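K.L.:
How does the following fold in three dimensions:
(chains A and B)
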Amino acid sequence: MDSLALILARFQFGMTAFFHFLYPPLTIGLGVLLVITEGIYVYSKNQDYLRITRFFAKLFAINFVVGVATGIVLEFQFGTNWSQYASFVGAIFGAPLAIEGLFAFFMESIFIGVMLLGWNRLSAKAHWVSTIFVAFASTLSGVWILVANSWMQSPRGYKIGSNGIPKMTNFWHVVFNPYFPSEFLHVIAGACEYSAFFMAGIASWFLIKNSKDMVMRKALKVAVIAGVIIACLQIVLGDISAREVVKYQPTKLAMMEAQWHSQRYAPETLFALPNNKTESNGPQIGIPGMLSMLAYMNPAAKVMGFNESIKYINHKYGLKLTPAMFPPVWIVFWSFHIMMYLGFYFAAVMIIALFLLLKNKLYDSRKMLKVFWFSTFLPLIALELGWFTTEIGRQPFTVYGLLTTVKSVSPNVSALEVGLSLFMFVMIYITLAAFAIFLFKKELNERLKGKDELAGEVSNMAGAKAKEVLS
Amino acid sequence: MNLNILWFILIAVIILGWSVMDGFDYGVGGLLRFISKNDDERRYVMNAIGPVWEGNQVWLILGGGAIFAAFPRVYASVFSGFYLAFMLVVWLIIFRAVSFEFRSRVESKSWRNFWDTDITVTGLGISLLLGVAIANILMGVPLNKDHIDYQSLFSLLNIFGLAGGLLSLSMFLMHGSTYLIMKTEGEIQKRARVFASRFAYAYIIFTILFLLLSLVFAQRLANNSFGIIGDIVPVIMIIGGIGVIVSAKSSSDIKPFAYSVLGIVGAVVSLAVGIFPDIVPSSINPEYSLNIYNSASNHLTLFVMLIATIIGLPLVLIYAFYAYKKFGLKVKMDESSY
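P.N.:
Purely as a prediction, here's the structure:
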């Protein structure tokens, strides 16, 4: 295996995972928001909430299919490009993937057909129930995928067998590995946070064009109320996730915080230009003692530096890793820090918006609406940077402490083959993203031109019932 | 019976579920440009699978996950060994997965034409490549002593692989046609009856061709571990094909589909019987083959997965039954259709 093939395989995995993850958070989070808006409609019979649901369901559908299309390769890529990894961990890692298919993805995909094409075939309540199934199943799907990922971060429930390959010894220890609860909550909250901003951003766009759009006013209201709760909660959840890093992945923590040397009263570095060659940060701004405080609730606590953390895991796992095998610290540091700063920005935006909502000034505040429109996709950046932190920060391991990335790659796939497939994936995924954006814009413009979500729906059971009630 | 044998059977069941449920999606897709002429007809045909194809596709995902969990070495060897061929299948699946939703969003004629071609090409391509891959596995792949397969894309394109491809292509086109007989009415149904019987003829011919070629290229089919019973199983395929030809001419809407399912059952059982107890035979040395023991996960994994399947699979069938029931036997178009 030449190293070019490895680099390309890593790049391909990163690229396909990056593109895939642009979509599932909206499937999860918007699913939850649609359950809320459709639920309000079912119980209040207010047709505007049905309009919100149906409009956003169109965007949901586009996003969903691209998410599915880009996700298929991820299920198989462990076999195609990471066959040594697959043979090594299949007995443990394969199980959550299969269970995801069986318990979550089937439910999601079957009910999405019912939800998107069944408006005229189901009563309002039965339709709402299928929306609930879709939202529940997409979250459950997240559960199992995150079980698999968190196991790679903090493997448990296994024993190395006589052939040197891990065997599963306890399924529930695999599932509830130390990373799982916090990673799951952090990712799902991120998905909901993005979706609240997505709904708020699009509603704001319509309100900028026409501030009397009563339907979008309601959508914005729902998004702000959900958003403020989730954005504040997310700061707490992020903190909890970081504490798991402190406990189980000292090398990642050192990179996230650009700590080169072990020290007591370790500062929380806010700005730095980390340089692996000189093992220093250049100009930096930090809050003294803050990192020790956040990590150990004690400003005098010692935080391990980069080199010492490597020595520590070498000793713990019986390895011989050198600092040169680790990724550039600045990538992990800035991924983590920009994500964190965005998290605070999101909470601030939502709190201000809630304040304006309570003052009854939200819908007429063009500034606020513009901020929302500008922020529509910002949480996606935070979500992706979160994965950069988690996945790049785990390097040089695929399974922390257990298997390195170098030893995971397929030995029988050449650089030429990976290069070719990588090129195709880049082309295809850019095309798909362009199509998705084009179709999003088209739906927005059609609504702006006055297309009513409930037009031409005389036969619609859900719609017809609402009309009866209103007349 | 031990867990390894049970998992071999369960994987066969999942492959069967996939071939039966997703097989007609590929077949209907492959037929789209030929069976329907204008936009109304095409939408009508598409909506025969419209509400259910997403769910059907999950059989593929489940199959991937189940092989990964139960027989990780098979998963690792086959997918890395067939690298570019498999990538090609993935790209076809990607372009098919978005086609229905994308097509219906824009009314322009050229846009819809593009996606109609896309649906047809991807349906045909996936149906063909599946058989090529399976025929090559049956023939044996060059697994070395570490069970690693070094081969190129072009080595898959041999006579036996091609025969396997034509067999699966005709099988899925037959299956898609019979599904349309069941789901549609009027002109489209008439055409579907003609297509079903034509593809059933092709299916029978390619089955016989494949079996004859197997005497040269994959003798394990004839020398299978089940003796005479194993030799008779492929006859089910031919019975299914004949059943489709006969019933397509009758007035029954459902029988052709049922016979087509029988044909697919015959094909999957023949495959399972022919390959057992190996999963991926090695063409270099039989001892390097991956079988249900040397490729499997440990006992606990197989056990946990079995419990999950016992709970999960009936649930899947319940949701699927509900969805199929809600949309009725015959396609009815409304404003939320594709």
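
K.L.:
all contacts plus neighbour counts: C-alpha atoms, from now on.
P.N.:
Noted.

K.L.:
what about the chain, any weak spots by pLDDT?
P.N.:
Because you didn't say which chain, this covers chain A. For chain A, applying pLDDT under 70 flags the ranges A:1-2, A:455-471.

K.L.:
can we see that at 80?
P.N.:
A:1-2, A:450-471 (pLDDT under 80).

K.L.:
In the stretch 151-300 of chain B, what residue comes closest to chain A?
P.N.:
B:S297 (4.7 Å; Cα to the nearest Cα).

K.L.:
Nearest residue to that residue in space, please, no chain neighbours.
P.N.:
Nearest residue to B:S297 in three dimensions, chain neighbours excluded: A:A91, at 4.7 Å (Cα to Cα, 6 or more residues apart in numbering or on different chains).

K.L.:
for B:V265, same thing?
P.N.:
B:L16 (6.7 Å).

K.L.:
mind checking pLDDT for that neighbour?
P.N.:
Listed pLDDT for B:L16 reads 95.

K.L.:
what about it, which SS state?
P.N.:
helix (DSSP: H, G, I helix; E, B strand; the rest coil).

K.L.:
B:D146 - how many residues pack around it?
P.N.:
B:D146 sits with 10 neighbouring residues when counted by other Cα atoms under 10 Å in any protein chain shown.

K.L.:
I'd guessed it sits against B:Y288; true?
P.N.:
Yes: using Cα atoms under 8 Å, B:D146 is in contact with B:Y288, at 7.4 Å.

K.L.:
distance of B:F102 from chain A?
P.N.:
7 Å (Cα to the nearest Cα, to the nearest Å).

K.L.:
neighbours around that residue, how many?
P.N.:
20.

K.L.:
now swap in A:Y341 and tell me
P.N.:
A:Y341, neighbours per other Cα under 10 Å, totals 12.

K.L.:
tell me which element it falls in.
P.N.:
helix A:329-358 (DSSP states H and E).

K.L.:
which helices and strands does that helix pack with?
P.N.:
helix A:214-248, helix A:250-256, helix A:378-387 (3 or more Cα pairs under 8 Å, 6 or more residues apart in numbering or on different chains; DSSP states H and E).

K.L.:
Would you mind finding the most buried of those helices?
P.N.:
Highest mean neighbour count among the helices and strands packed on helix A:329-358 (mean count of other Cα atoms under 10 Å in any protein chain shown): helix A:250-256, with a mean of 26.

K.L.:
Would you mind pulling the contact partners of it?
P.N.:
Helix A:250-256 has contacts (Cα atoms under 8 Å, 6 or more residues apart in numbering or on different chains) with A:245-246, A:260, A:304-306, A:309-310, A:313, A:329-330, A:332-334, A:336-337, A:389-390, A:393-394.

K.L.:
measure the closest residue to B:L162 other than its chain neighbours to chain A for me?
P.N.:
With Cα to Cα, 6+ apart as the criterion, B:L162 has its nearest non-adjacent residue at 5.8 Å, and that residue is B:V132. B:V132 sits 18 Å away from chain A, taking Cα to the nearest Cα as the criterion.

K.L.:
Next, the buried residues of the helix holding A:Y341.
P.N.:
Buried residues in helix A:329-358, counting neighbours by 16 or more other Cα atoms under 10 Å in any protein chain shown, are found at A:329-340, A:342-343, A:346-347, A:349-351, A:353-354, A:356-357.

K.L.:
go on, stretch A:410-417?
P.N.:
Buried residues in stretch A:410-417 (16+ other Cα under 10 Å): A:S410, A:P411, A:N412, A:V413, A:S414, A:A415, A:E417.

K.L.:
Show me how far that stretch is from its chain's centre.
P.N.:
Offset of stretch A:410-417 from its chain centre (Cα atoms, centre = their mean, to the nearest Å): 30 Å.

K.L.:
Then stretch A:384-396?
P.N.:
Counting by Cα atoms, centre = their mean, stretch A:384-396 comes out at 12 Å from the chain centroid.

K.L.:
okay, how far is it across it, tip to tip?
P.N.:
19 Å (Cα to Cα, to the nearest Å).

K.L.:
does A:F197 really touch A:V371, like I thought?
P.N.:
No: applying Cα under 8 Å as the test, A:F197 and A:V371 come out as separate, 10.4 Å apart.

K.L.:
More neighbours: those two, which one.
P.N.:
Just comparing A:F197 and A:V371: by other Cα under 10 Å the higher neighbour count belongs to A:F197, 30 against 15.

K.L.:
From B:N298, how far off is that one?
P.N.:
For A:F197 relative to B:N298 (Cα to Cα), the value is 45 Å.

K.L.:
again with A:R243
P.N.:
A:R243 is 33 Å from B:N298, by Cα to Cα.

K.L.:
Tell me which residue in the stretch 101-250 of chain B sits closest to chain A.
P.N.:
Counting by Cα to the nearest Cα, the stretch 101-250 of chain B gets nearest chain A through B:Y150, at 5.6 Å.

K.L.:
Measure how buried that residue is and give me the count.
P.N.:
Considering only other Cα under 10 Å, B:Y150 is surrounded by 18 other residues.

K.L.:
nearest residue to it other than its sequence neighbours?
P.N.:
A:N412 is the one closest to B:Y150 (Cα to Cα, 6+ apart), at 5.6 Å.

K.L.:
Could I get the full set of strands for chain B?
P.N.:
B:278-280, B:290-291 (DSSP state E).

K.L.:
again with the stretch 51-200 of chain A
P.N.:
Remark: strands assigned in the stretch 51-200 of chain A by DSSP state E, counting those that start in this stretch are A:158-160, A:166-168.

K.L.:
Packing partners of the first one?
P.N.:
Taking 3+ Cα pairs under 8 Å, 6+ apart as the contact definition, the neighbouring helices and strands of strand A:158-160 are strand A:166-168.

K.L.:
measure A:K252 to A:L403 for me?
P.N.:
16 Å.

K.L.:
got the contact list for the residue of chain B most remote from its centre?
P.N.:
Ranked by distance from the centre of chain B (Cα atoms, centre = their mean), the top residue is B:S108, with 32.7 Å. By Cα under 8 Å, 6+ apart, the contact list for B:S108 is empty.
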